[in-house]
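[1] what follows is a protein structure lacking sequence information:
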């Protein structure tokens, strides 16, 4: 457990949450919302195993720590559980209820290429809550005034590789869509990304074009396991034609990956 002199437990947790968000990490905040005593107790656990605070009982804290790992993997935003549901052996706390809440920064999307598809994707993603970085080496395509009404940061790339690396940082909570105008630009972007793979990477183009780019990087020594993580061609099969429809297909796949969705029709059960 972490502690700090002259700091209240709530202040320690608040400061820890600030650091976690700044680092781009993820954590779970567990709050005791129903119990005979200690209601309101909080335990913060980050994905590296560090913790702050307590629910007032060492055995309960340990059980919550184990459940927090399961909760993070579930991709849920919040979940309230009776202790007997995840730690049946804790009979004394069986009827207590714990609220698990996901702590992570707003989702980020890096769009490489600001042509018709890239610009449409950036605008659409910003509308559903993504913080977007839109990159292109053509200054006229990333003018600030063209995106002033959206949560988009337009960036001129003097060097695709350097600009992309800076934009993705450690890759946590970041999706990258490579929708540039040609093989050369695709390769430069992908080469910069695969060394530190973000949560999602997609490459636009036909099967032939994307295989050409992936094969070239494979010949350069990029690990096959990393290249397998690249969604190529990018997006879900919506039969998209217009740039806006293609952008929708791409964003649908990004959201499905982030939320753990399958991308299938919700009505499939009726036809099975």
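    Yes, it's here. As the structure is a prediction and not an experimental result, all values here were calculated from the model.

[2] drop to CA atoms for contacts and neighbour counts, all remaining ones
    Will do.

[3] the residue nearest the centre of the chain and residue 186, how far apart?
    Central residue of the chain (C-alpha atoms, centre = their mean): residue 173, 3.0 Å from the mean position. Distance of residue 173 to residue 186, computed by C-alpha to C-alpha, to the nearest Å: 22 Å.

[4] the residue nearest to the centre of the chain and residue 107 touch, don't they?
    Yes. Residue 173 lies in contact with residue 107 (C-alpha atoms under 8 Å); the separation is 5.5 Å.

[5] coming back round to it: quick check: the residue nearest to the centre of the chain vs residue 106, distance?
    From residue 173 to residue 106 the distance is 8 Å (C-alpha to C-alpha).

[6] try residue 257
    For residue 257 relative to residue 106 (C-alpha to C-alpha), the value is 15 Å.

[7] more crowded one of these two?
    residue 257 (16 against 13; other C-alpha atoms under 10 Å).

[8] which stretches in this structure count as helices?
    For the chain, the helices defined by DSSP state H occupy 9-23, 58-74, 83-86, 116-127, 160-168, 183-193, 207-219, 224-228, 243-259.

[9] buried stuff in the second one?
    Residues of helix 58-74 classed as buried: 60-61, 63-65, 67-69, 71-72 (neighbour count, 16 or more other C-alpha atoms under 10 Å).

[10] now the first one
    Of the residues in helix 9-23, those buried under the neighbour-count criterion (16+ other C-alpha under 10 Å) are 9, 12-13, 16-17, 20.

[11] could you do the shortest one as well?
    Along helix 83-86, the positions that meet the burial threshold by neighbour count (16+ other C-alpha under 10 Å) are 83-84.

[12] relative to residue 221, how far out is the nearest residue to residue 250 once chain neighbours are set aside?
    Spatial nearest neighbour of residue 250, chain neighbours left out: residue 235 (3.9 Å); criterion: C-alpha to C-alpha, 6 or more residues apart in numbering. Separation of residue 235 from residue 221 (C-alpha to C-alpha): 26 Å.
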